[in-house]
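In: Just the structure for this:
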Amino acid sequence: MGTKKGFLIATSAGFAAAAAAMPSAQAADMPIKAPRYIEPSASWAGWYIGAHAGAAWQQAQAVDYGASFSKTAFIGGGQLGYNWQHGNFVFGLEGDISGLTGKNTLQSGGYDFLQSSIRWLSTSRVRFGLAVGDTMAYMTAGLAVGSVKNSIFGEYSSSKTRVGWTVGGGVEHMLNRNWTIGLEGLFVDLGRSNLTFGPSSKTTTLRFQNTAVIGRLKLNYKF
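Out: Have a look, this model is predicted:
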């Protein structure tokens, strides 16, 4: 009787030990799940270089005559810039240079009375942006330098490099880690320039005011 009782006790203890070990053995046999890959947040920081193309609505005003005339021209060129980023806020510096086509003409009596054009334009600007994911909206402002040519009667003309200012804004989207595309609008004011014409004994000075509204598509490569 004592032998049977001892056998039953030993058998029960063995089953209990085996049952206790089973969860540990099953856990050891389970494959370890790899940590989930988290896509890094988009970064706008660093150098970039790119090209742009669009339209420029050039407007000239003959101040002394109280006349203004305008023309839409093609604008194209390139840009270089650098961005710093803190959280969702982006601060940057950008410089660009563009060539413009066409010229404004004011006719009188079937003749070209006044002509004016911005032949090339360069801006140096700061940018303040707010980035949400892969898209950034920004404001921009800075210095504008351009070559302005004004003429009267197609005979007397003056070409000068003028310094002015520009302000605008835009939206830029990150296509991938290196490429961005954006739309930008700028207002440019190159101030007033003088054109002196007439015989040396009796010259006349005519003042021109040259401005432009620019809309352009930009493509950048970010390093």
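In: need the helices for this structure, in chain order.
Out: 2-29 (DSSP state H).
In: Can you pull the poorly scored residue ranges out of it?
Out: Scanning the chain for pLDDT under 70 picks out 1-41.
In: Next up, the contacts around Trp57.
Out: 70-73, 212-214 (C-beta atoms under 8 Å, 6 or more residues apart in numbering). All C-beta atoms are positioned from the backbone trio N, CA, C, and that covers glycine.
In: where along this structure do the strands fall?
Out: Ranges of strands in the chain, per DSSP state E, are 46-62, 67-86, 89-100, 104-108, 111-132, 135-152, 156-174, 179-197, 204-222.
In: List buried residues within the contacts of Trp57.
Out: For these, a neighbour count by 16 or more other C-beta atoms under 10 Å gives the buried set as 70-71, 73, 212-214.
In: which of the residues you listed lies closest to Gly154?
Out: Nearest to Gly154 among the buried ones among the contacts of Trp57: Lys71, at 16.1 Å, using C-beta to C-beta.
In: For the nearest residue to the closest one once chain neighbours are set aside, give its distance to Ala56.
Out: Excluding its sequence neighbours, the residue lying closest to Lys71 (C-beta to C-beta, 6 or more residues apart in numbering) is Asn104, at 4.4 Å. For Asn104, the distance to Ala56 (C-beta to C-beta, to the nearest Å) stands at 11 Å.
In: Give me the more crowded residue out of those two.
Out: It is Ala56, of Asn104 and Ala56, that has more neighbours when counted by other C-beta atoms under 10 Å, with 23 against 20.
In: For Ala62, see how far away the more buried one is.
Out: With the distance defined as C-beta to C-beta, Ala56 ends up 20 Å from Ala62.
In: and what of Ala141?
Out: Distance check for Ala141 against Ala62: by C-beta to C-beta, it reads 28 Å.
In: More neighbours: those two, which one.
Out: Neighbours were tallied for Ala141 and for Ala62 using other C-beta under 10 Å; the higher tally belongs to Ala62 (20 against 17).
In: Now do the contacts for that one.
Out: 68, 106, 114, 206-208 are the contacts of Ala62 under C-beta under 8 Å, 6+ apart.
In: Also Gln61?
Out: Contacts for Gln61 (C-beta under 8 Å, 6+ apart) come out as 67-68, 208-209, 211.
In: Can you name the two of the residues you listed that sit furthest apart?
Out: Distances among those were taken as C-beta to C-beta; the most separated pair is Ala67 and Thr211, at 14.6 Å.
In: more neighbours, these two?
Out: Counting neighbours by other C-beta under 10 Å for Ala67 and for Thr211 shows that Thr211 has the greater number, 18 against 13.
In: That one contacts Gly191, correct?
Out: No - using C-beta atoms under 8 Å as the test, Thr211 is too far from Gly191 to be in contact (9.1 Å).
In: Count the neighbours of the closest residue to Gln79 other than its chain neighbours for me.
Out: The spatially closest residue to Gln79, leaving aside those adjacent along the chain, is Asp96, at 3.8 Å (C-beta to C-beta, 6+ apart). When neighbours are counted by other C-beta under 10 Å, Asp96 registers 21.
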